[in-house]
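S.K.: Below are the sequence and a predicted model for it; my questions follow.
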Amino acid sequence: MTEKFIPLTDRFLVTQQIAPGDAALAASEGVSLIINNRPDGEALGQPKSDDLARAAAAAGVSYVHIPVDGRGITPSHISALKKALDDNGDGKALAFCRTGTRSTILRAYLEASAGRAPEQIIAEAAAAGYDISGHAPALQSLCGGA
């Protein structure tokens, strides 16, 4: 595994912004799905989603664009991620945004909505270098806790 792609689990990796050439690297690491959590035009010089989708297709990797902007994560983002991962089956997914944090948080919300304990989710993210502890109340709410 490259240091570029950070595992949250064996099947879910996160990273910062990728370039089209990174799709082939992801494929060589066993990734079967790339998830772009960054809106187009968020920063100057950022690759466009369409260019990344073409690069993923050329590398034999599925691609989905689930842009999360400054307004935050919505139930539709969580549903879209769930569908993408369900469609990917047992394959390995790589999610990215500017730093990897948004992608980590989106997955955390999905995990919490499936009933996983927030403490476990937060610890998993921390082990990967992401501090999402500020999201504990939202994660608790999503998992049905008080």
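M.R.: Okay, I see it.
S.K.: bridging residues for the closest residue to residue 10 other than its chain neighbours?
M.R.: Nearest-residue entry for residue 10: residue 92, 7.5 Å, with adjacent residues in sequence omitted and distances by C-beta to C-beta, 6 or more residues apart in numbering. C-beta here means a position set from N, CA and C on the backbone, and glycine is covered the same way. Residue 92 has these beta-bridge partners by DSSP bridges: residue 31.
S.K.: Against residue 16, how distant is residue 92?
M.R.: 18 Å (C-beta to C-beta, to the nearest Å).
S.K.: Which one's more surrounded, those two?
M.R.: When residue 92 and residue 16 are compared for neighbours, residue 92 comes out ahead with 19 against 14, by other C-beta atoms under 10 Å.
S.K.: For the more buried one, list the residues it contacts.
M.R.: Listed by C-beta atoms under 8 Å, 6 or more residues apart in numbering, the contact partners of residue 92 are 10-13, 29-33.
S.K.: Among those residues, name the buried ones.
M.R.: By neighbour count, with 16 or more other C-beta atoms under 10 Å, the contacts of residue 92 hold 11-13, 31-33 as buried.
S.K.: A strand includes residue 25, no?
M.R.: No: counting by DSSP: H, G, I helix; E, B strand; the rest coil, residue 25 is not part of a strand but helix.
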